[in-house]
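Enquirer: sequence isn't available, so here's the structure alone:
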């Protein structure tokens, strides 16, 4: 899972952390996703949350969320999904090659 702020980007290894420290992971992500003072911005975010809730049934953090802005709903006339939207709004493409990597293969490589 990738989480970014205006200053930092974090890659959270859900597979590892949900096995090793599920309570800490659930607490940390709940504080972000269920906060009424943190805006969660995503693309097709609700679909991702449903998939995460299904994959990590013991974690409550994915079952409820606050302050969600799904940019897919804001830029409805954009075509090409997130890639097309990034090109249209930011003038730059996205490299999504790592998106389809096997995240269960360990150890993770640097990329």
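Expert: Received the coordinates, thanks. Fair warning: this is a prediction, and the values are worked out from it, not measured in the lab.
Enquirer: three-state assignment of the nearest residue to residue 35 once chain neighbours are set aside?
Expert: Taking CB to CB, 6 or more residues apart in numbering, and ignoring the residues beside it in sequence, residue 35 has residue 66 as its nearest neighbour in space, at 6.2 Å. Bear in mind the C-beta positions are built from the backbone N, C-alpha and C, glycine included. Residue 66 falls in the coil class when you classify it by DSSP: H, G, I helix; E, B strand; the rest coil.
Enquirer: is it correct that residue 66 is in contact with residue 39?
Expert: No. With contact defined as CB atoms under 8 Å, residue 66 and residue 39 do not form a contacting pair (9.3 Å).
Enquirer: can you list phi and psi of residue 46 for me?
Expert: The phi and psi values for residue 46, taken as degrees, to the nearest 10, are phi -60, psi -40.
Enquirer: hmm, residue 70 and it touching each other?
Expert: Yes. Under the contact definition of CB under 8 Å, residue 46 touches residue 70, with a separation of 6.4 Å.
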